[in-house]
Every structure is written in C-alpha cells, then in structure tokens.
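A.B. asks: dropping the sequence and predicted coords here.
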Amino acid sequence: MTAYVEARTPLVNATRFRAAHEADWDQLDKILTLIEKRGVSAVPDQQLLVLPLLYRAALSSLSVARETSLDRALITYLEQLCTRAYFQIYGVPTSPMKQLAHFFARGWPEAVQALWKETLVSFLLTVAGALVAYLMIAHDPSWYYAMIPDGMAQGRDPGASTELLRQTLYDGGKDAQQSALALFASFLFTHNAQIAIFSFALGFMFCVPTAGLIVYNGLMLGAMIEVFASKGLGYNFVGWLMIHGTTELFAIMISGAAGFRIGLAIAFPGRLSRTDAAVAAGRSAATAMGGTVVMLAVAGLLEGIGRQTITNDELRYAIGLVMLAGWLLYFYMPRGKRDGTPA
Amino acid sequence: MARPPSRSSIAGLRRRFITPEGVDLNIELGTAGARAGAFLLDGVLMLGVLILASIAIGLMAFASQSILMVGLWIVGFFTLRNGWFTLFEMGARGATPGKRIVGLRVVARDGARLTGGAVIARNAMREIEIFLPLSYFFASLGAMFTGGDVLLPLLALAWSMIFLLFPLFNRDRLRVGDLLAGTWVVHRARAQLGHDLAASAAQSTRPRRVFSDAQLDLYGIYELQTLEEVLRGGQTDAIVTVAAAIRRKGDIPDDGDDYGFLSDYYAALCGRLERGMMVGLRREDKYSKATRAA
C-alpha cells in the first residue's frame, strides 16, 4: 500500500531557488526582449544600468543551479538567459557611426600599414609583369593579342594608327554626355571592386591565384604602355592612366596584399596554430580590403568623370600624383599609440 | 565543472563558451540545415529586393529618360550582392534577416566583440564559395548549349560543392569564411522558464505519496531528467507507460492517478538525489553507483 503524507515544505532546491530569484530573472528577460525587439535605445537608462548587475546575478544563479539542482528546465532557461545577456553586453558592436569613424581614423590605415611588406610585393609583381609585357611586345607585337582580350582592347592594338590611339586618349569629353560618364564610372567601380574582393578571397589558396591576378594586371599595364609608347604617345598615355590609375592600381595592390597575407598566414603560421594565424590575418586583411572598395569608388569617379572631362596632360599628371601622395600620407603617416578601443 | 553528460541528439553541437566571469554558457551551434535554410531565405529576400528595386529604377528611368538610372542599378546591384550579408551582420543583431527568421546569429569564436573586419572576411569568402562559381556555372552552362565544353559547368559545380559541403566536414560547422574570420554561427535560443514540477507536487492540497529508500534508489540523474521530459511533455500514453514501469520496478500498487503518482515520484527522487549532491555524491544513471564528484 502506498503511504501518504501531508507535507507542504518544498522538497527540491529548484523550488526554493526559483522563489528567491525568479523576479530578477524575469526582469532581465524583459530588458533583453526589449533590446532584441526594438534596440538598445528603447530601453530606459535606469534599466540599462541594472542590466550588467542582473546579468552577473543570473550567471551566479546558473553556476549554483548546475551544482545543486537537477531541474533541467531551470538550467536550460538560465543558460539561454545568460547567453542572450552575454551577447547584448559583450558581443554587440559599437554604434555604426562610431565604427565608421574608427575605421577611417585608425582601423583602415593601420591595417594597410601592417600590410606594407605584402603591398611592396604586390607593387614589385605589378612592375615585373608590366616590364615583361613591355619587352615581349616590343620584341614581337603578336604577344599583345595573347595578353589583352579583344573586348578590352577596343581597337587599341599594335596595328592601330597613331591617330586612332590619340583619339582614345582625348576623345570622350567632347560628345559624351555627363550621364553616360557616370554610367561608365559606376561600371568600372563595381567591376574593379569585385576584382579586389576576389584577389582577397583567393589568397587562401597559398597566394597563388592572387599572385596570378596581380601579375596579369601588370601584364595588361605593360602591354598597353608599349602599344602607345611605340607610337610616341607614351607620355600622353601615362597621363591618361595616372589620373585614376594611382588610386586604382594602389587599391588593387592593397587587396592583393590582403590576399597574400592570408595565404602566407596559412602556409607559414609561425608560433600560432594554423587556424589562429588565419583568423588574425583574415580579420586585419579584410579591414584593409574593405577600405579598397572606397578607394575604387574614388578611382571610378576620377576615371569615369574626371578623365573624360580633363584632357590636359599636365593636369592629369598633377591629379594622379596628388592622389598618390594623399593616399601614401594617409596610410603611412606615423600615428600616436593605439588607444586600445577595438575596431 | 562536473555536469551530467548530455545524451540528447543535439549534444554534438554544444560547445564550451567561457564568459570573462568564468562560467561556461554551453552554447548550441546552428545545424547545417538551419544554416542552409537561412541562406536560401536570404537568397529569396535578396531576389525580392532586386526585383522590386529594378522595377522602381526602371520606372524612374522611364520617367526621367536618363541613362544615369542604369548606373544607379549597377551600383545598387553591387551593394546588394556584397552588402546584404556584411551590413546586416555588422548590426547589433549580428544576423541577416534570413538568419533572424531561422534563429541564428554570428558570433566571434573567442567570445569577443564581433568586429567589422571579421564580418567582411567571412562574407568576402562567400564570393568565391558561391557567387563566383555559380555565375561561372550558368555562364558555362549557356556556352555548353551553344557548343561549349561540357566539363566547365561540372567543374564550377564541383568547386561550389566543395565549399558548400565544407561545414559538414568539420566539427564546428564552419564555412571557409567562418574559419578565416574566427566566427561561428550559433543557435539563438529563447525559452520560457518551465513550471516547477516539484513545487506543483508539494503545494497541491492533496496529500503527497511517500516512497521508500529502496523505491527511490532505482534511478539516477539521467532517468530523473527523462522523467522530467515526460511530465513536461504531458503525453498521456508516455505517462501511462512510464508510471507502469516505475510501479512494476518499485513494486508499488496502481492507485489510478498516473500523473499525480509520477509528479510525487519525481519530487521525491529529485529531493533525494539533490541531498546526495549536497554531500558530494552524484549518481549519473541507474547503472552507476553514487560517486564523489571529482
């Protein structure tokens, strides 16, 4: 026969524990729900101030519950409550405007600065590619067709007349409408930015595809210079290229450098584990690469609008050099000590 | 910290996650299925935005007769393709709309703040994981029908498959982008506090059943928590079966009230096991003896 007893005292720890702390947990849950649904700004200051206190109380409840209680529902509840609170307190990035300001003031230039060796390699690869292409085509013009796809050449090949080549450098501003130029600029920007993202992302294959992209970029550069230089238009072509090219080529070199950094970190992790090295390299290189999108937007504007309306060679050189000096100063200017705030 | 080994099917996706205060939050990673679902949802949403924006820009272009609108569309397309994931994940919620619907969020593996660099890294990799091979696949597929190579679309598809299936081949369900950015995608659990089973047994007006030590010694923590699941689940046939099994084992006569009987047995067993824990004795399941926690 089953025995019965009239006892009303709580039998298990969870019961006493719930009675003592449930109000706090409820309050924390309410604040968190409000933040998750409507953002931090919807929460009154009074409640934001108690949020860390309630979070630590819930954490300690969780620790105690794990050691003393077998009520699984209680532990599951406290785990999700603490996790939600943790991400609201520690995991949330600072406000978008602050992030943006920090990115341009420190995050981006410092990330680019850290890539200086890789950027130098990108630069040398580009120059090497350009030299090789120049010499090869000077020796045998038929190489040109192997390097530059037809769609890109648009008639600017070794067989073209000097007059036609000259026309490609200075025409455009005359009959083209302003709006057509903007269209051209937006196309160039998105195309180049996509290339920049690829040269970053492909870096993880031990730098090989990225190096290929950078060298090929140099080859095209050298090939084009040769075609114009052989017709005595070298000076004019470089001016045509420089107005936007200093910004654009620099951006491509930086994104290539970002790819190299990742590939190198994976190939030679040093003292870190391979994963840790990849993460450290990936985050800082991605910051540098993200900024090149901005550079390429500037380059797109210079190329699509500036170049087509400015046809004076000296002015083109001047703009290109000023832009280059500006970028160099911005990236490599010595900065004060880190202020310790995370990006 | 001694915790009973979790035996649920999702145990494989639980990870230690120690807060600065030194407590393990025991977070749950998003399943591969949830990740794929979120990605498909995002794809559909992006397509919807693309179609709506295209119609709007098309109408504006028709009204203004300006070629500038084409430029706007090109830049807009670029922003949508590259910005959708990055900008949403940089926000306070750390999730794209698709991830939010499915209940996932992106978190730094080291528990620190999710930085912009990490978000850019994980989503730039998406370009070569999916968008590049996919666009190449369709391009080469088109070329195949006009006499192109059959191998190329297959190659593009194989490339994409390697990356798409990558999360299934590592413990933490990491994409290549996650690996590089130091992030992982966690399940965003939200739960209500279930009612206190032991309290409802204790506070009800009816008298409580009393069990002998021998009857309570039948089971350990694992069985207790399984019983908790049965009681909370509230399925009549499960309750009848479990009550019958316990009565048979403990040699307890049937009094016709299965739920009341199980509630009382749960409270009594829970109290007994917890008293053991107070003096450092844990009994994990019915097969093991109570042992001192290490």
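C.D. replies: Sure thing, it's come through. Numbering: from 1, shown residues only, chains lettered A, B, ... in the order given.
A.B. asks: report back the residue of chain B that's furthest from centre.
C.D. replies: If you look at how far each residue of chain B sits from its centre, by C-alpha atoms, centre = their mean, the farthest one is B:Gln65, at 49.9 Å.
A.B. asks: pretty sure A:Arg156 is in a helix, no?
C.D. replies: No - secondary structure assignment (DSSP: H, G, I helix; E, B strand; the rest coil) places A:Arg156 in coil, not in a helix.
A.B. asks: now for the longest helix seen in chain B, which elements pack on it?
C.D. replies: Longest among the helix segments of chain B by residue count, using DSSP state H, is helix B:32-64. Counting by 3 or more C-beta pairs under 8 Å, 6 or more residues apart in numbering or on different chains; DSSP states H and E, the packing neighbours recorded for helix B:32-64 are helix B:68-90, helix B:97-102, strand B:104-108. Placement of C-beta: from N, CA and C, glycine included.
A.B. asks: how is the chain carved up into domains?
C.D. replies: Just going to use chain A. Taking automatic domain parsing as the reference, chain A has its domains at A:13-92, A:97-332.
A.B. asks: could you do chain B instead?
C.D. replies: What automatic domain parsing lists as the domains of chain B is B:10-187, B:197-292.
A.B. asks: tell me the most buried of the helices and strands packed on helix B:32-64?
C.D. replies: Comparing the helices and strands packed on helix B:32-64 on average neighbours per residue, with mean count of other C-beta atoms under 10 Å in any protein chain shown, the densest one is strand B:104-108 at a mean of 23.
A.B. asks: after that one, next one along is what?
C.D. replies: Along the chain past strand B:104-108, the next helix or strand (assigned with DSSP states H and E) turns out to be helix B:116-126.
A.B. asks: quick one: average confidence on the next helix-or-strand element following that next one?
C.D. replies: The element immediately downstream of helix B:116-126 (helix or strand, assigned by DSSP H and E) is helix B:132-145. On average, the pLDDT along helix B:132-145 is 79.
A.B. asks: how about the contacts made by the residue nearest to the spatial centre of chain A?
C.D. replies: To find the centre residue of chain A, average its C-alpha atoms and take the closest one (C-alpha atoms, centre = their mean): that gives A:Gly290, at 1.8 Å. The contact partners of A:Gly290, by C-beta atoms under 8 Å, 6 or more residues apart in numbering or on different chains, come to A:103, A:108, B:116-117, B:120.
A.B. asks: for the stretch 51-200 of chain B, which spans come out with low pLDDT?
C.D. replies: Applying pLDDT under 70 to the predicted model, the residue ranges of the stretch 51-200 of chain B that meet it are B:148, B:199-200.
A.B. asks: that older thread, so how far is the longest helix of chain B off the chain centroid?
C.D. replies: With C-alpha atoms, centre = their mean, to the nearest Å as the basis, helix B:32-64 stands 26 Å off its chain's centre.
A.B. asks: now the helices for the stretch 151-294 of chain B?
C.D. replies: Along the stretch 151-294 of chain B, the stretches classed as helices by DSSP state H, counting those that start in this stretch are B:151-165, B:176-181, B:197-203, B:213-216, B:221-233, B:236-250, B:258-278.
A.B. asks: packed most tightly, which of those would that be?
C.D. replies: The highest mean neighbour count among the helices of the stretch 151-294 of chain B belongs to helix B:176-181 (a mean of 25), with neighbours defined as mean count of other C-beta under 10 Å.
A.B. asks: touching chain B at all, the host helix or strand of A:Leu221?
C.D. replies: The secondary structure element spanning A:Leu221 is helix A:208-229 (assigned by DSSP H and E). No - under the criterion of C-beta under 8 Å from any C-beta of the partner chain, chain B is not reached by helix A:208-229; the shortest gap measures 9.0 Å.
A.B. asks: re the thing from before, nearest to A:Leu301, out of the helices of the stretch 151-294 of chain B?
C.D. replies: helix B:176-181 (30.1 Å; C-beta to C-beta).
A.B. asks: what helices or strands is the closest one leaning on?
C.D. replies: helix A:274-301, helix B:116-126, strand B:183-187.
A.B. asks: among these, which is nearest A:Val64?
C.D. replies: Set against A:Val64 and scored by C-beta to C-beta, the helices and strands packed on helix B:176-181 come closest in strand B:183-187, at 24.4 Å.
A.B. asks: export the domains of chain A as JSON lines, with columns for distance to B:Ser212 and mean pLDDT.
C.D. replies: As requested, the domains of chain A are exported to JSON lines (distance: least, C-beta to C-beta, whole Å; pLDDT from 0 to 100):
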{"stretch": "domain A:13-92", "distance to B:Ser212": "20", "mean pLDDT": "88"}
{"stretch": "domain A:97-332", "distance to B:Ser212": "55", "mean pLDDT": "87"}
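A.B. asks: right, and the ones you listed - which one's nearest B:Val106?
C.D. replies: Comparing the domains of chain A under C-beta to C-beta, the one sitting nearest is domain A:13-92, at 9.5 Å.
A.B. asks: end-to-end on that closest one?
C.D. replies: The separation between the terminal residues of domain A:13-92, taken as C-alpha to C-alpha, to the nearest Å, is 35 Å.
A.B. asks: can you check stretch A:103-118 too?
C.D. replies: Note: stretch A:103-118 ends 21 Å apart using C-alpha to C-alpha.
A.B. asks: tell me if that stretch is near chain B.
C.D. replies: Yes - part of stretch A:103-118 sits close enough to chain B to count as contact by C-beta under 8 Å from any C-beta, namely A:103, A:107, A:111.
A.B. asks: from those residues, which land in helices?
C.D. replies: Among the residues of stretch A:103-118 next to chain B, the members that lie in helices (by DSSP H) are A:Ala111.
A.B. asks: between the residues of stretch A:103-118 next to chain B, which is nearest B:Leu216?
C.D. replies: For these, the residue nearest B:Leu216 by C-beta to C-beta is A:Gly107; the value is 61.2 Å.
A.B. asks: that closest one and A:Thr287 touch, don't they?
C.D. replies: Yes - contact between A:Gly107 and A:Thr287 holds when scored by C-beta atoms under 8 Å: they sit 5.5 Å apart.
A.B. asks: whichever strand or helix holds A:Phe198 vs chain B: in contact?
C.D. replies: The secondary structure element spanning A:Phe198 is helix A:178-201 (assigned by DSSP H and E). Yes - in terms of C-beta under 8 Å from any C-beta, part of helix A:178-201 sits within range of chain B, namely A:179-180, A:182-183, A:185-187, A:189-190, A:193-194, A:197-198, A:200-201.
A.B. asks: now B:Gly94. Its backbone dihedrals?
C.D. replies: According to degrees, to the nearest 10, the main-chain angles of B:Gly94 amount to phi 60, psi 30.
A.B. asks: how many neighbours does the residue of the stretch 1-150 of chain A at minimum distance from chain B have?
C.D. replies: Per C-beta to the nearest C-beta, the residue of the stretch 1-150 of chain A with the smallest distance to chain B is A:Ala73, at 3.5 Å. Other residues within reach of A:Ala73, judged by other C-beta atoms under 10 Å in any protein chain shown, total 20.
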